[in-house]
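# Model the following, please.
(chains A and B)
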Amino acid sequence: MNGQSGADPSENEHRDGRRAGRRGAPVLEACRIGKRFGPVTVLHEVGFQLDAGEVLALVGENGAGKSTLMKIVAGVLGQDEGEVRVDGAPVRFHGVLDAEHAGIAIIHQELNLVQELSVAANIFLGREPKLAGLVIDKRAMVKAAQALLARLGIAIDPEAKAGSLRIGEQQTVEIAKALSLDARALIMDEPTSALSSAECATLFKVIAQLTTAGVAIVYISHRMDEVIALADRVMVLRDGRHVLTAPIAETSRDQIIKAMVGRALAPTARAGVANTNPVMLSVEGLWADVATRHGRKRVIDDITFDVRAGEVFGIAGLLGSGRTEILETIFAASDRLSGGSVRVAGREVAIRDPRAAKALGFAFVPEDRKSKGLLIDMSISANVVLPSLETLSRFSIRTRGRESRTAREAIEALRIRCAGPGQAAKSLSGGNQQKVVMAKWLATRPRILLLDEPTRGIDVGAKQEIYDLVFELAAEGLAIVVVSSELPEVLALADRILVMCEGRSAGILSRQEASEEGVMALASPPARLDPSLGRLSA
Amino acid sequence: MTLWHALSRTKLYWGLIIIFSIGVGFSPVTSRGTNIFLSYGNLTDVLRQVSITGLVAVGMTMVILTGGIDLSVGSVMAFGSVITGMLLTQPGWTPAAIVGAPVLAAVAFVAVAGLVQFVRKQLARQNGVAIGHRAASAPGGITALALPASAGLAAAVLAFWYAAAQVAPKFSVPGVLLVAPAVGLAVGALTGVIIVVGRLQPFIVTLAMMVSTLGIARLTAGQDSAVLPVYPGSNATPDFDLLRSMLWGVLPVPGLFFISAIILFGALLSLTTFGRYVYAIGGNEEATRLSGIGVDRVKIATYAFSGLLACLAGVLYVAQYRQGKPDAGSGLELDAIAAVVIGGTSLMGGRGGLSGTLVGVFIFGLLSDILQLHNINSNLQLVLKGAIIVVTVLVQERNLADIGQRFLFVGTRAGRSGSAVRSDLPPEKQQSII
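Have a look, this model is predicted:
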């Protein structure tokens, strides 16, 4: 009945002396889990087993269903089909708390610390030790937090505010929190995506300690090197289906990638033509500040680049490196204080708000399509015509004929799969929603297209369609800037790549120069987290 | 299931039909057997009575559709009534005239200059490149602004001259009908500007406006004359009585204002880009802004319209009650919000419309009429009003099926799959947390 998972317990028996002698029900088991979001099935009968003290790597492309599966196991989401078992006994979680009681903790990709509270308060949030059952016993709490952090070998002041810590440090606080719950199974969702290499090394040490202590870990990552170095077994999901589970020793990097992608990865790269078109967008010395409580903080500084008509220009970098901020600053999408010069087709422009940007021929497809790109309750048609409504109407009186024609043309041109222009945007799949956002901007006939994570959370097929569309638009002469956290995506799409590191440009690579390793090397900040220099507790 | 579906879809009108039926069924009957509730006089009275709240509710609907709220309408209406009363009865540069004349001129300037600029831009687009391409940008610099500015200035001078000419005698009815809405428009626009520029919550800003406008209305009325009676012999008679008369003996004039506002602003909401932007902002303000839409001006416009309609309601209030009173509008904002919400417009914005507000206003109007016909205690009326709000909103917000399930099957079923039922509780405790 657990055949789907492909993980026959016997195949582990001879592996790894570390876990020898222990056999029984797996700590955590998922059987034939199925999950649908509206019309989209995101998981088809997926399952796995997790034994104490092992690291199971979970890999797959974005939208493959990794995070969804883990959220179900950790009680964040409910499943539509299948069963979760802890120590062999079926359980049904109704929230994270239930899962935590059962000893299963999840560390989300987006960290969930309360920024204004201290480290200790975060660790014991909702379970604070109390004096006489009323007043929070702060001293006991700090002491316990200190002990936990010490166990992880991390020097963080338990009384420091969580918001004042670096991302890597915040992550260790999350781990400490999980430990304080006596978690026996710990799920880590892309824990290293925002970490420097030194911070990664610390994290790996912590993981090793945890497994020695018998904690089972599910490790979600995109990074093959990490997976191969850390994991005992690897499990691959593709389009919500289970494709492979194998001991690391019996598989290879290529095999895993092939299983992930479903084909040998052949980027649909265009021939690297020498682009002699005029420069369409020219950015020089761009900077932006955000207001914090302690004054202003520079998020991007001294960014300079050119994009020619017909060129696809990529921006890569780690989370928080300022990729998105570049696009938002150019488009005036946020109210950050900013400066620097922006030229469009050689003419210096001052862009005060998105309206001005649109009038200059900019289009901006934001990262978060649900909260920033779509009127999610409204129809496809209403969404598609929104930015071009003024041009589609006469004296501000709307002309429904033109509107519906625009919507129908967009649906056809972008192959948006839907019942008709009147269908609500929220009932579409992620890929089709993304196409609606693209369509609404293409209807304005832009000259410069700014794409922020254009394929986030959409399935592989739709992804390929978006890539094709990007190439088509470039061929039509649009200047396109693409920001993506997925390196292979940037490498496949872009003619040149700007690599960001901590708000600054770390270099611009041409397609020929760029490689995954080269970009990562530029994007990684120099190591800074040295425990002896860190904030010392007591 | 189709019947159920049809019921669900038209549920907006069912409340109105039910309350109308109750009115007919329980109406007192005259000795000659006529149903008083159904009598023409009674029904037109209802229309007359709801018109003031109705006008305010029209503006409120637009504000709420953008996801905002306007608590200042009561005070603005009262301010309008004070200005109206004062202009009609007191000659010379009274506080009302000092406020009214320049504001009218300023509003005329902005309106005419804006209109000229708008027409020019539209013409440039029509004559320019084919639709879909970027419109040829209008010529920049000072010359571009010369035409609208001079047109606006001419209008402002004309408006000021028109107002000033009426200061020495007393204001005419058309004069009042121009000045009061202009003042309301200005107050509402100010509210909108504060919300937009200060990035403040509409609730807080309009609350502040509600308080300070009340103060301004009292200051304008003067300390000892908190109420401005509009007495016979002032311009109030007989011209002003037109505003409360029956038009052609058929339609009460306040009702005409209300119905016209519904039609006019209904058309604005459903036919123009402005209307679509109002809904879009309510649906997702950030996405709308990022679509390159001037969200700020749309929001300012909704508050300005709300102020305009509130002050116009103030004029009608004076016609109806023969007095301008700084405290006239207390509780009006809540009545208006209730009518909007009963009409199915979501307080979150983006969903609803004026047809619902029309229904909401009439549900309230018919209810008070029925209760009055039966001489029911007015305090009991308040209780019933509150109950009606809860019941209708419950019906609007939920599926009928959903409600049925919740109320009928609560005892037998633990709830649908996915609802918050905690299996770790004993069954008898599970219902309570559904």
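
# low-scoring stretches of the chain, by residue?
All of this refers to chain A. Filtered on pLDDT under 70, chain A yields the residue ranges A:1-24, A:38-40, A:62-63, A:110, A:193-197, A:261-274, A:293-294, A:457, A:459-461, A:525-538.

# switch to chain B, that's the one I care about
Looking at chain B by pLDDT under 70, you get B:1-2, B:7-9, B:128-143, B:223-226, B:232-238, B:396-434.

# What is the neighbour count of the residue of the stretch 151-300 of chain B found nearest chain A?
Closest contact between the stretch 151-300 of chain B and chain A, by CB to the nearest CB, is at residue B:292 (3.0 Å). Bear in mind the C-beta positions are built from the backbone N, C-alpha and C, glycine included. Number of residues near residue B:292 (other CB atoms under 10 Å in any protein chain shown) recorded here: 26.

# Surely it is within a helix?
No: according to DSSP: H, G, I helix; E, B strand; the rest coil, residue B:292 belongs to no helix; its state is coil.

# what about the residue of the stretch 151-300 of chain A found nearest chain B, helix or strand, and which?
Per CB to the nearest CB, residue A:291 is where the stretch 151-300 of chain A lies closest to chain B, at 12.4 Å. Per DSSP states H and E: residue A:291 is located in strand A:279-292.

# if we look at that strand, which residues are touching it?
A:296-309, A:325-326, A:328-330, A:336-346, A:447-448, A:479, A:481 (CB atoms under 8 Å, 6 or more residues apart in numbering or on different chains).

# just the CA coordinates of that strand, formatted as CSV?
Provided in CSV are the C-alpha atoms of strand A:279-292 (Å, rounded to 0.1, in the frame of the first residue of the first chain):
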residue,chain,number,x,y,z
VAL,A,279,19.6,50.8,-26.1
MET,A,280,16.1,51.0,-24.8
LEU,A,281,16.5,51.2,-21.1
SER,A,282,19.6,52.7,-19.4
VAL,A,283,20.0,52.7,-15.7
GLU,A,284,22.8,54.6,-14.0
GLY,A,285,23.7,54.8,-10.3
LEU,A,286,20.3,53.7,-9.2
TRP,A,287,19.9,53.5,-5.4
ALA,A,288,17.0,53.1,-3.0
ASP,A,289,16.5,53.4,0.7
VAL,A,290,13.9,51.9,2.9
ALA,A,291,12.8,53.6,6.1
THR,A,292,13.4,51.5,9.2
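
# list the buried ones in it?
A:279, A:280, A:281, A:282, A:283, A:286, A:287, A:288, A:289 (16 or more other CB atoms under 10 Å in any protein chain shown).

# Next: stretch A:107-118.
So for stretch A:107-118, counting by 16+ other CB under 10 Å, buried means A:107, A:108, A:111, A:113, A:118.

# Endpoints of it, how far apart?
Start and end residues of stretch A:107-118 are separated by 18 Å (CA to CA, to the nearest Å).

# same check, this time on stretch B:282-294
Start-to-end, stretch B:282-294 (CA to CA) is 14 Å.

# Inside strands: which ones of the contacts of strand A:279-292?
If you go by DSSP state E, the contacts of strand A:279-292 have A:296-308, A:337-344, A:448, A:479, A:481 in strands.

# What's the ChimeraX line that selects buried ones from those?
Per 16+ other CB under 10 Å, the buried members of the ones in strands among the contacts of strand A:279-292 correspond to this ChimeraX selection:
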select /A:298,299,300,301,303,305,306,307,308,338,340,342,344,448,479,481
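
# and the helix or strand harbouring residue A:49, does that touch chain B?
Element membership of residue A:49 [criterion: DSSP H and E] is strand A:40-50. No: Strand A:40-50 is not in contact with chain B by CB under 8 Å from any CB of the partner chain; minimum separation 15.8 Å.

# Packing partners of that strand?
Applying 3 or more CB pairs under 8 Å, 6 or more residues apart in numbering or on different chains; DSSP states H and E, one finds that strand A:40-50 contacts strand A:28-37, strand A:55-59, helix A:66-73, strand A:81-86, strand A:241-247.

# Is it correct that residue A:123 is in contact with residue A:145?
Yes: with contact defined as CB atoms under 8 Å, residue A:123 reaches residue A:145; the gap is 5.0 Å.

# So what's the residue count around residue A:132?
Residue A:132 is flanked by 6 other residues according to other CB under 10 Å.

# What segments of the stretch 1-150 of chain B are strands?
Counting by DSSP state E, counting those that start in this stretch, one finds no strands in the stretch 1-150 of chain B.

# Can you find the residue of it that comes nearest to chain A?
Counting by CB to the nearest CB, the stretch 1-150 of chain B gets nearest chain A through residue B:122, at 5.0 Å.

# now that residue: how far from residue B:302?
22 Å (CB to CB, to the nearest Å).

# hang on, the earlier thing: tell me the residues that contact both of residue A:123 and residue A:145, please.
A:158, A:176, A:180.

# now those residues as CSV including distance to residue B:31 and secondary structure?
Shown next, in CSV, are these (distance: CB to CB, whole Å; DSSP: H, G, I helix; E, B strand; the rest coil):
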residue, distance to residue B:31, secondary structure
A:158, 87, coil
A:176, 86, helix
A:180, 83, helix
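
# one step back: which residues sit against the strand holding residue A:49?
In contact with strand A:40-50 (CB under 8 Å, 6+ apart) are residues A:2, A:4-5, A:7, A:9, A:26-36, A:56, A:58, A:65, A:68-69, A:72, A:79, A:81-82, A:185, A:216, A:218, A:235, A:237, A:240-242, A:245, A:429-430.
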